[in-house]
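A.B. asks: compute the structure for the input listed below.
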Amino acid sequence: MLRLVGVLFSVLWAIAAAVLTWPGFFRVERMWPIAQIISFRGLLVAAFAAIAVITLVLAVVRPLRRFALSLAAISAIAAVAGAVMMVGRGLGTETLPAKTDSSIRVMTWNTAGEATAPETVARIAVAMDADIVALPETTIESGEQVAIAMRELGQPMWAHYTDYPDTEWDAGSTTLLIAPELGDYAVIEASQAGTSTVPSAVAMPTDGGGPIVVAAHAVAPRRSYMADWREDLQWLADQCGDANVIMAGDFNATVEHMSGLGIDGGTLGQCYDAAAESGNGSVGTWSTEVPSLVGVPIDHVMVSADWTVTGSIVLRSADDSGSDHRPLIVQLEPAG
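C.D. replies: Purely as a prediction, here's the structure:
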């Protein structure tokens, strides 16, 4: 009887490990609570590795040997598979390549409202020589202060925004800064019917020359918001239906959550994740309270076919700025 219970538990453990390691295969990556658990890939790898070690130690007890060894093997496979995924997406780079005349740098930073001083945002944006700055949870008043501070530092920007007045706190606003060199832009009214609870801004070039720029913010996948979160990700995927799109912001989702939302080889719509393409796909942008490889990479820059990613960096030196998110900066070149 005990042997039968052990076999059954081993089978269930193997199924659980497979689901958490390859959720897209089972199509459960956007289901509660799987979506929340798989967000913390680094912790999952560490947990599976720890269980493998513990069960190996238990294997010295003869009555438990077969059971413990089976659990150890399953856990070790899951740990190795998860680690390979993290390495493949990138464990972090420290520098960006030199900027060329055709380069565009995109920075996204969820500022957590008034937690981050506009002067701090401006100083980092100028230091990174950013041409596009997406600022979820930032009011237009704060965004204008950032733009003014950047201008005083020698790098003027146009400020755009969208807001949901019924959403409490600064999460009801998203600000987007764009360098004048990229041309004139206007936020389209469709932004007001976009993501469900927190706003995203879609800026279209009015002179016909530049890329479509989307400052993205999807609602967090809390249990009561799961349907809204899934709809937000689909809406953001729909915005990546053009070859000339740059989308940046807080997606409240990792690339694993986007499984099945890509078309024509894209990760989300026709867009692909710039950080994963340039060695930072496993670096957590949230929360600053934990080491970056234990955190969750939910802030992204997504680009479509007209752009090539040449570098990226998750700025860990800003962890004491006030926000619970880390800035992500990506360097792009026109494709071809």
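A.B. asks: drop to CA atoms for contacts and neighbour counts, all remaining ones
C.D. replies: Noted.
A.B. asks: what's the helix or strand for the closest residue to Ala72 other than its chain neighbours?
C.D. replies: In this structure, Ala72 finds its nearest non-sequential neighbour in Ala52, 4.2 Å apart by C-alpha to C-alpha, 6 or more residues apart in numbering. Assigned by DSSP states H and E, Ala52 belongs to helix 41-58.
A.B. asks: what residues sit buried inside that helix?
C.D. replies: Neighbour-count burial for helix 41-58, counted by 16 or more other C-alpha atoms under 10 Å, picks out 41-45, 48-53, 55-56, 58.
A.B. asks: give me the contacts around whatever helix or strand comes next after it.
C.D. replies: Note on helix 41-58: by DSSP H and E, the next helix or strand toward the C-terminus is helix 65-89. The contact list for helix 65-89, computed with C-alpha atoms under 8 Å, 6 or more residues apart in numbering, reads 6-7, 10, 13-14, 17-18, 21, 41-42, 44-49, 51-56, 58-59, 275-277, 279-282.
A.B. asks: so what's Ser259 closest to, chain neighbours aside?
C.D. replies: Distance criterion C-alpha to C-alpha, 6+ apart; nearest residue to Ser259, sequence neighbours excluded, is Gly24 at 5.8 Å.
A.B. asks: thinking again about what came up before, need the buried residues of helix 41-58 in TSV (columns: distance to Glu114).
C.D. replies: Listed next are the buried residues of helix 41-58 as TSV, based on distance: C-alpha to C-alpha, whole Å:
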residue	distance to Glu114
Arg41	30
Gly42	30
Leu43	30
Leu44	33
Val45	35
Phe48	38
Ala49	40
Ala50	40
Ile51	42
Ala52	44
Val53	45
Thr55	47
Leu56	49
Leu58	51
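A.B. asks: and which of the residues you listed is nearest to Thr167?
C.D. replies: Thr167 has its nearest neighbour among those in Arg41, at 30.4 Å by C-alpha to C-alpha.
A.B. asks: pull the contacting residues for that closest one.
C.D. replies: Neighbouring residues of Arg41 by C-alpha under 8 Å, 6+ apart: Gly82, Met86, Val294, Val296.
A.B. asks: for Gly311, state which of the residues you listed is nearest.
C.D. replies: Looking across these and measuring by C-alpha to C-alpha, the closest to Gly311 is Met86, at 17.7 Å.
A.B. asks: still on that earlier bit, using JSON lines, lay out the buried residues of helix 41-58 together with pLDDT and distance to Pro165.
C.D. replies: Shown next, in JSON lines, are the buried residues of helix 41-58 (pLDDT from 0 to 100; distance: C-alpha to C-alpha, whole Å):
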{"residue": "Arg41", "pLDDT": "97", "distance to Pro165": "35"}
{"residue": "Gly42", "pLDDT": "96", "distance to Pro165": "37"}
{"residue": "Leu43", "pLDDT": "96", "distance to Pro165": "37"}
{"residue": "Leu44", "pLDDT": "97", "distance to Pro165": "38"}
{"residue": "Val45", "pLDDT": "97", "distance to Pro165": "41"}
{"residue": "Phe48", "pLDDT": "98", "distance to Pro165": "44"}
{"residue": "Ala49", "pLDDT": "98", "distance to Pro165": "46"}
{"residue": "Ala50", "pLDDT": "98", "distance to Pro165": "47"}
{"residue": "Ile51", "pLDDT": "98", "distance to Pro165": "47"}
{"residue": "Ala52", "pLDDT": "97", "distance to Pro165": "50"}
{"residue": "Val53", "pLDDT": "97", "distance to Pro165": "52"}
{"residue": "Thr55", "pLDDT": "96", "distance to Pro165": "53"}
{"residue": "Leu56", "pLDDT": "95", "distance to Pro165": "56"}
{"residue": "Leu58", "pLDDT": "92", "distance to Pro165": "57"}
